[in-house]
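K.L.:
sequence plus the predicted model coming up.
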Amino acid sequence: MLRFGLWRSINARKDGMLCLACAEWRLRRGLMRRDFIDAPVNRKQALKCPRLAQRLEKIVPRKRRFVGVR
Ligand SMILES: [Zn+2]
């Protein structure tokens, strides 16, 4: 399960399902951990689905602004 806002950005309907490939195609980027809600269903499903497990492990840090020495 994806975060609600993200889900709505790729899916006009509130409900429904998309496979990982279709969701990523619509997003034009790969999914990563912060895209998913912290629900047991995701971790359970990841046990059966290596492709999901891989995405739940993927953490991409937000870009931080460079803080220079003044
Ligand atoms: Zn699909």
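P.N.:
Received the coordinates, thanks. Everything numeric in this text was worked out from a predicted model, so none of it was measured.

K.L.:
can you give me the pLDDT of the residue positioned nearest the centre of the chain?
P.N.:
Residue closest to the average C-alpha location in the chain (Cα atoms, centre = their mean): D35, at 2.9 Å. Per-residue pLDDT puts D35 at 96.

K.L.:
quick one: buried residues of stretch 29-37?
P.N.:
31, 35-36 (16 or more other Cβ atoms under 10 Å). To be clear about C-beta, it is placed using only N, CA and C from the backbone, and glycine gets the same treatment.

K.L.:
what about dumping the CA coordinates of the helix or strand hosting R55 to PDB?
P.N.:
Using DSSP states H and E, R55 sits within helix 50-57. The C-alpha coordinates for helix 50-57 follow below in PDB (Å, rounded to 0.1, in the frame of the first residue of the first chain):
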ATOM      1  CA  PRO A  50      11.100 -10.100  -3.700                       C
ATOM      2  CA  ARG A  51      10.500  -7.100  -6.000                       C
ATOM      3  CA  LEU A  52       8.500  -5.400  -3.200                       C
ATOM      4  CA  ALA A  53      11.000  -6.400  -0.600                       C
ATOM      5  CA  GLN A  54      13.700  -4.700  -2.600                       C
ATOM      6  CA  ARG A  55      11.700  -1.500  -2.800                       C
ATOM      7  CA  LEU A  56      10.900  -1.500   0.900                       C
ATOM      8  CA  GLU A  57      14.600  -1.700   1.600                       C
END
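
K.L.:
start at 22 instead
P.N.:
Yes, from this point I'll number from 22; that puts the last item at helix 71-78.
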